[in-house]
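Undergrad: Structure, please.
(chains A and B)
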Amino acid sequence: MPNVADEVARFPLAKEEAVPRISVIVDGVRHEHDIESRLLLVHYLRDHARKVGTVVGCDTSNCGACTVLLDGQSVKSCSVLAVQADGGEVTTIEGLTADNGSLHPVQQAFHECHALQCGYCTPGMVIAAVDLLANNPDPTEQEIRAGLEGNLCRCTGYQNIVRAVQVAAKASADAAPAQEEVPA
Amino acid sequence: MSTVAEGRVAEVGQARPRREDAHLLTGRTQWTDNITLPGMLHLAILRSPVAHATITKVDVSGARERPGVVAAFSGGELAAEWGSLPMAWTVSEDQKTPPHFPLAADKVRFVGDGLAVVAATSREAAVDALEAIDFDLDQLPAVVDMEAAMAEGSALVHDDIPANRCFTWQESHGDYAAAHERADVVLKRRFINQRLIPSAIEPRSVVVEPTPATNEYTMWSSTQVPHFVQIFISLTAGVPQSSLRVIAPDVGGGFGSKLDVYAEEAIGVVLAKKLGVPVKWTETRSENCQVTIHGRDLIQDVEITAMRDGTVLGLKVDLITNMGAYLQLLTPCIPLLGRYMYPGIYKFEAHDLSCTGVFTNKTPTDAYRGAGRPEATYVIERIMDELANELGMEPLDLRRKNWIERDEFPYTTVAGLEYDSGDYEKATARATELLGYDDLRREQQARRDRNDPVQIGIGVSTYTEMCGLAPSRWLGREGYIAGGWEAATVRVLPLGKVEVVTGTSPHGQGHETTFAQVAADALGVPYDDVVVVHGDTRTAPLGLDTYGSRSLVVGGMAIVKACEKIVEKAQALAAHQLEVDVRDVEFAAGRFSVLGSAEQGKSIQELAFASFVAHDLPAGADPILTADAVMDPDTFSVPHGTHLAHVEVDTETGKVDLKQYVAVDDIGKVVNPLVVDGQIHGGVAQGVSQALFEEAVYDDDGNLTSGTFVDYLLPTSADLPSFTTDRTETPSTTNPLGVKGVGETGTIASTPAIVNAVVDALRPLGVNDVPMPCSPMHVWQAIRAAKGEPR
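TA: Down below sits the predicted model:
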């Protein structure tokens, strides 16, 4: 066995390196922190911005539990460095709910359709579904299944998740004309 | 139990969306890894990179010098701080239970076995410091294959356990030799029930906070079993039980993998004790794959004997089952928990079963959704299809000929288990109707006739299972260290709200909703007035937690029992205050009224307040409407159902496409259909996944080569269809609600349904088995082998 300590000593960490400072708007609030350049966005959100609603489920960017919106696009926040979010705007599951506490239509549909059990994949799954509907407001079942392929759920067999996305799509479609009727 | 009077809609049976969702959907969650405490240190564990070796050096001094590191210890340095981790089930007199320490001190026995622990001010600092630990391992030959492990001359996982044999088991029911002698047909098969990684999406996490002033410790753990953890970690880590509070906050799935007592829970307590500050350990997914228990991993040899007309006679099953490197909490009993299920729903006259537990240099196995029963159901439902093929019978006809008929219940099977109720005819009729069974058989024949490269297969699984673990006396006879009761406390608070404390510990099942429904009916109070408290040994000091589809049929019945005591107490108080005989007071819909004079009465809320102020109680009555109850079941609950799978198999590529899946389950009375459907969907998905996707793969040196989600194939939404579910309802006769368990049925039923379908599609090509998972490669190889071509 090689002596690991000796190996490490030969390649010391560059301690003198300047520590990056980043500024990110998370769920509407600006955060500024000095961070290690290797820090992943998900760990930044959890450990520095204290947005622990966003969770870590794997270490290979497979599970999607950490999915957030970065400048309006869904990203797996474990596959983004925190420094890459500098100057950007992040929406997590905690920022989806309206200020008056009412649920986002996707959250509401997840509740009504029993699209979550343990709830651990839910933050990422809901954000992925929001992004899916933003790009395709009226998806077929197969489009939903393909669209959520990057998010793993071990509890639901996905069935009620798919149904919830359909219900949310319909709710949004039904709500849209009603909004137009509201006087300016 | 109260009856629900007119004007009050019964809660039981309502598809209520869950109250748990509110915080889970908005990110206001309480996962263990979310916890940050002042002064908290982060732990990282150095794990063995090899499967089997003698430890010759672990020097942590380099780690101690790294920035942010507060402490580092090798397994040897902590050896005096702890005892062996618990093993709670001794299945036989010859069972060998080797010591199993939280960190290894002399030998490592699987890839991932802990060598040392670092405590640092950040997770990053702790993980970085692992690199500075200097260790030497003298590698030993890895014991990987179970049959080779038992052969003479094999290397030994534990030096003092000959032939790596953990235990042997043998049982006989009826005269198997006679059943063999008399049979027209004797059919043998070997099935491999592959090793699986449970893969709850929340990795395990442990936080331990010491309270030096009182020598107490509070542990948060991502566990299904806070009560087990409290008892066993107090023993392992040398902390009095009363000084260790264990909290299971939000827990992100378990499937059996969190029904255990783990090294890291002991390490957490010992380091919190030594360092006097809170510590946290959270596993990475790769660690989860390596060190959290695995499931299944059996070689199953089966022989069935039958008459030419299809009447089954005898069933002989010989199991070789992989313990892994150590025994975790329930490791040896898991294959034997399934032993009552090998005869399935069929009337055999003789049944022999043997089982050998074997140590290997692999991750320990333990309970994974179904725990022994999926393995058994796989064997019986697969071999019934093979027998049908052998006899030229329709698989459903063979089953009909042999199953227990609806008027034969209660029925004691050849394995000695009494089934309380069931109606296999009805569930099967409904399932075949939903699938369009006969039309699909015609379509299948058409494709066969035209040699279509894409063939249709129909798979049948008429499963049953035993759940509601478990009668304590039965557990005692089986060699389990503990009981199987469950506890509840129900309080009608002075202001009229109801608090239900359960000893079960949900992690996705929805007990806060469904148990509130049960209690609301039993007390006749509004659903919204009932709150369910769980998962904390301080607030629920008595409990035996959640696993084995037990929570409703045992824990829910304890709640019903406690509610009955409350009603009895309130009834006496009502009679006293209304100045009538207690027999003249009737209880309905939350109100106690005088017989024949309904306007004269008191609500349970009024009585709760009256009982609280205690100004005018019956002689000898205690104040406060509160009651404790413990339910120890007399027997098991035995759900059943008929599952049908329709697959298409591309015979040129080996690709299996699941087109349709019908699940008709009979779980007795249903408390919440929404929750039940969710359990079925998820359970079916996991069983389908064993059949088609998942396998924990080791190389010849004992390295787990499927140790991340890149290599271990979990199905995504794109890999599964929507399932068709329905229910028949044959109430259980073993409990007042008539309910049976549902948490594991889908997983138990679906694996053989899928493999039967795949094999059915390939029968015309001469294929009689496809090893799981039925991946394109395995299917393609099976087709090649049947054609006599090289694999």
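Undergrad: Once you drop chain neighbours, what's closest to whichever residue of chain B sits closest to chain A?
TA: For chain B and chain A, the shortest gap (CB to the nearest CB) falls at residue B:27, measuring 2.1 Å. No exception for glycine: its C-beta is placed from N, CA and C like everyone else's. For residue B:27, ignoring the flanking residues on the chain, the nearest one in space by CB to CB, 6 or more residues apart in numbering or on different chains is residue A:53 at 2.1 Å.
Undergrad: Quick check: mean pLDDT of the helix or strand residue B:689 falls within?
TA: According to DSSP states H and E, residue B:689 maps onto helix B:673-692. Averaging pLDDT along helix B:673-692 yields 98.
Undergrad: where exactly do the helices run in chain A?
TA: Taking DSSP state H as the criterion, chain A carries its helices at A:4-10, A:41-43, A:105-112, A:122-135, A:141-147, A:159-181.
Undergrad: And the second one, what does it pack against?
TA: Contacting helix A:41-43 under the criterion 3 or more CB pairs under 8 Å, 6 or more residues apart in numbering or on different chains; DSSP states H and E are the following elements: strand A:67-70.
Undergrad: which residues touch the strand it packs on?
TA: A:41-42, A:45, A:54, A:74-77, A:80, A:85, A:88-93, A:123-125, A:127-128, A:130-131, A:150-151 (CB atoms under 8 Å, 6 or more residues apart in numbering or on different chains).
Undergrad: Return the alpha-carbon coordinates of it using PDB.
TA: What follows is strand A:67-70, C-alpha atoms only, in PDB (Å, rounded to 0.1, in the frame of the first residue of the first chain):
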ATOM      1  CA  THR A  67     -32.700  20.300  -8.800                       C
ATOM      2  CA  VAL A  68     -33.300  24.100  -8.600                       C
ATOM      3  CA  LEU A  69     -34.000  26.800 -11.100                       C
ATOM      4  CA  LEU A  70     -30.900  28.900 -11.900                       C
END
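Undergrad: Quick one: distance of that strand to the chain centre.
TA: Relative to its chain's centre, strand A:67-70 lies at 4 Å (CA atoms, centre = their mean, to the nearest Å).
Undergrad: low-confidence ranges in chain B?
TA: In the predicted model, chain B carries pLDDT under 70 at residues B:1-6, B:791.
Undergrad: Show the model's pLDDT score for residue A:16.
TA: 51.
Undergrad: circling back: rank the helices of chain A by mean pLDDT and give me the bottom one.
TA: Among the helices of chain A, helix A:4-10 carries the lowest mean pLDDT (a mean of 53).
Undergrad: Look at whatever residue of chain A ends up closest to chain B and say how many residues are nearby.
TA: Proximity of chain A to chain B (CB to the nearest CB) peaks at residue A:53, 2.1 Å away. Using other CB atoms under 10 Å in any protein chain shown, residue A:53 has 25 neighbouring residues.
Undergrad: pretty sure it contacts residue A:92?
TA: Yes - at 5.8 Å, residue A:53 and residue A:92 qualify as touching, with contact defined as CB atoms under 8 Å.
Undergrad: residues bridging contact with these two, i.e. touching both?
TA: Common neighbours of residue A:53 and residue A:92 (CB under 8 Å, 6+ apart) are A:123, B:27.
Undergrad: helices and strands around the strand or helix carrying residue B:754, which ones?
TA: Element membership for residue B:754 (DSSP H and E) is helix B:745-762. Where contact means 3+ CB pairs under 8 Å, 6+ apart, helix B:745-762 is packed against helix B:373-391, strand B:454-464, strand B:640-650, strand B:656-666, helix B:673-692, helix B:776-786.
Undergrad: Leaving out chain neighbours, which residue sits closest to residue 150?
TA: Using chain A. Nearest one to residue A:150, counting by CB to CB, 6+ apart, is residue A:64 at 4.7 Å.
Undergrad: meant chain B actually
TA: In space, and not counting its chain neighbours, residue B:150 is closest to residue B:163: 5.2 Å by CB to CB, 6+ apart.
Undergrad: Likewise for residue B:43?
TA: What sits nearest to residue B:43 in space, not counting adjacent residues and going by CB to CB, 6+ apart, is residue B:281, at 4.0 Å.
Undergrad: what does residue B:563 give?
TA: For residue B:563, the closest residue by CB to CB, 6+ apart turns out to be residue B:522, at 3.5 Å.
Undergrad: what do you get for residue B:638?
TA: The spatial neighbour of residue B:638 that comes closest, neighbours along the chain excluded (CB to CB, 6+ apart), is residue B:419 at 4.5 Å.
Undergrad: what's around the one you found, how many residues?
TA: Around residue B:419 there are 21 residues (other CB under 10 Å).
Undergrad: and what of the one 4 residues further on?
TA: A total of 18 residues lie near residue B:423 under the criterion other CB under 10 Å.
Undergrad: Please name the residues that touch it.
TA: B:406, B:666, B:728, B:730.
Undergrad: Just the ones of those residues in strands?
TA: Under the assignment DSSP state E, those contribute B:666, B:728 to strands.
Undergrad: On the strand side of things, show who residue B:74 bridges to.
TA: Here residue B:74 sits in beta bridges with residue B:116, going by DSSP bridges.
Undergrad: Tell me if I'm right that the residue nearest to residue B:563 and residue B:568 touch.
TA: No - with contact defined as CB under 8 Å, residue B:522 does not count as touching residue B:568 (11.8 Å).
Undergrad: Look at these two and report which has more neighbours.
TA: residue B:522 (27 against 13).
Undergrad: Does that one belong to a helix, a strand or coil?
TA: Three-state assignment for residue B:522 (DSSP: H, G, I helix; E, B strand; the rest coil): helix.
Undergrad: Relative to residue B:497, how far out is it?
TA: According to CB to CB, to the nearest Å, residue B:522 stands 15 Å off from residue B:497.
Undergrad: Repeat that for residue B:603.
TA: With CB to CB as the criterion, residue B:603 and residue B:497 are 13 Å apart.
Undergrad: likewise residue B:81?
TA: With CB to CB as the criterion, residue B:81 and residue B:497 are 45 Å apart.
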